[in-house]
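>>> Sequence plus predicted model, see below.
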Amino acid sequence: PDSDLLRKDCDADLRLFRSVVPGVFAEGLRAEWERRRAAGEHCYTRVEDDVLVSYGWMIERQLHSWLSCVQQGFEFPPNSAVVYDLYTDPKFRQSCYYQVGLAKSVRDAAAVPGTEWIYVTVLAGDRVPRWWVERLGFAYVCSLYYKRLLWKTKKWQS
């Protein structure tokens with residue numbers, strides 16, 4: 001069932017983010033989030049005691065994405081929605097915020113007219129998020145890899 005634990009597209013919630021390293025990181029992240037919202041991306045947020053403790057993002061239509069952590073692009077089929085960058089503060093990881101945000105964003109993506117595919121990006125080493133994605137019935141598509149040793153880099157997909 002749908003839940004009202006997380007809010008959708010509440011820009012005021014994004015301003016309540018507090019980084020463990022105050023200053024530039026938080027401001028840079030807020031600027032990125034403003035860019036995403038201006039581009040029409042949807043955010044899902046949970047605030048506790050005036051602090052943003054959980055968030056996630058959904059793009060209704062995505063053809064190409066650049067994944068900076070692996071220094072590679074990925075091509076999506078037409079009519080694809082993408083759910084990504086879901087995060088819950090470690091103090092709240094025993095809450096249901098992550099799975100509620102994931103389910104809500106996937107439900108909303110499926111409700112967009114014409115959606116044929118929904119992709120969720122997850123780091124392979126993040127066991128709990130991966131478990132939730134698999135539990136919702138998503139099929140594994142591929143992995144992207146990036147390896148750097150001094151000045152040499154290697155990138156591949158499987």
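Now that the structure is in, tell me what you want to look at. Keep in mind the model is a prediction, meaning the values are calculated, not measured.
>>> contact partners of stretch 135-151?
Residues outside stretch 135-151 that contact it (Cβ atoms under 8 Å, 6 or more residues apart in numbering): 67, 69-72, 74, 102-103, 106, 118-120, 124, 134, 153-158. From N, CA and C alone the C-beta is placed, and that goes for glycine too.
>>> Now, those residues that are in strands?
Of these, the ones assigned to strands by DSSP state E are Leu67, Gln72, Phe74, Ile118, Tyr119, Val120, Thr153, Lys154, Lys155, Trp156, Gln157.
>>> my guess is the fifth one contacts Asn79, does it?
No: the pair Tyr119 and Asn79 fails to qualify as a contact (Cβ atoms under 8 Å) at a distance of 11.4 Å.
>>> ok so, going back, buried ones only from the contacts of stretch 135-151, please, as a PyMOL command.
Here is the PyMOL command that selects the buried residues among the contacts of stretch 135-151 (16 or more other Cβ atoms under 10 Å):
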select buried, resi 70+74+102+103+106+118+119+120
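>>> by contact count, what packs against the lowest-mean-pLDDT helix or strand in the chain?
Counting by mean pLDDT, DSSP states H and E, the chain has its least confident helix or strand at helix 24-38, which shows a mean of 84. With contacts taken as 3 or more Cβ pairs under 8 Å, 6 or more residues apart in numbering; DSSP states H and E, helix 24-38 sits against helix 11-14, strand 42-48.
>>> These: which one's closest to Leu5?
strand 42-48 (6.2 Å; Cβ to Cβ).
>>> residues making contact with the closest one?
In contact with strand 42-48 (Cβ under 8 Å, 6+ apart) are residues 5-11, 13-14, 16, 33, 36-37, 52-60, 88, 92, 97, 101, 104-105, 108.
>>> Can you give me the buried ones in it?
So, applying 16+ other Cβ under 10 Å, buried residues of strand 42-48: His42, Cys43, Tyr44, Thr45, Arg46, Val47.
>>> Pull out the buried positions in stretch 117-137.
Across stretch 117-137, burial judged by 16+ other Cβ under 10 Å covers Ile118, Tyr119, Val120, Thr121, Val122, Pro129, Arg130, Trp132, Val133.
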